[in-house]
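Fold the following, please.
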Amino acid sequence: MRNMIVMKFGGSALGNKENIERTCQIVKTYNNKDRIIIIVSAMKGVTDKLYEIADKLKKRKTYSAIHDCGEIEKLHYSTLKFITCG
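Residues are numbered from 1 along each chain as shown. Just a heads-up that it's a prediction; the model follows:
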């Protein structure tokens, strides 16, 4: 009978390329032995930025909120294009 392992990663564990790759390596160590469930939350700083965006939208600062959304998108794309979990 295989064990079921639940892993949750977020914040600093997803803060940059190196930490994401380290997270991938952790998951890989269990991959063949156990059944795993992976829970991933926001990258470091993103949750706070989402709260800021919501506040800006309440204050009708739409342009600034859209700009911040673009910054979050850039963060994800710039980080992910260099990840090598394979």
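
Give me the contact list for the strand or helix carrying Glu73.
Per DSSP states H and E: Glu73 is located in helix 62-80. The contact list for helix 62-80 (Cβ atoms under 8 Å, 6 or more residues apart in numbering) reads 16-17, 20, 43, 46, 49-50, 52-53, 56-57. All C-beta atoms are positioned from the backbone trio N, CA, C, and that covers glycine.

Show me which of those residues are buried.
Neighbour counting by 16 or more other Cβ atoms under 10 Å classes 20, 43, 46, 49, 53, 56 among the contacts of helix 62-80 as buried.

so what's the nearest residue to Gly10 once chain neighbours are set aside up against?
Leaving aside its sequence neighbours, Gly10 sits nearest to Ser41 (Cβ to Cβ, 6 or more residues apart in numbering; 3.2 Å). Listed by Cβ under 8 Å, 6+ apart, the contact set of Ser41 reads 8-11, 14, 47.

Would you convert those into CSV that also reports distance to Leu80, secondary structure and neighbour count?
Listed next are the contacts of Ser41 as CSV, based on distance: Cβ to Cβ, whole Å; DSSP: H, G, I helix; E, B strand; the rest coil; neighbours: other Cβ atoms under 10 Å:
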residue, distance to Leu80, secondary structure, neighbour count
Lys8, 20, strand, 10
Phe9, 15, strand, 18
Gly10, 16, strand, 16
Gly11, 17, strand, 14
Leu14, 10, helix, 18
Thr47, 18, helix, 13
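
What backbone torsions are found at Ser41?
phi -110, psi -160 (degrees, to the nearest 10).

try Cys24
phi -60, psi -40.

for stretch 33-48, which positions count as buried?
Buried, per 16+ other Cβ under 10 Å, within stretch 33-48: 43, 46.

Quick one: low-confidence residue ranges for this protein.
Counting by pLDDT under 70, the ranges of the chain that qualify are 1, 31, 85-86.
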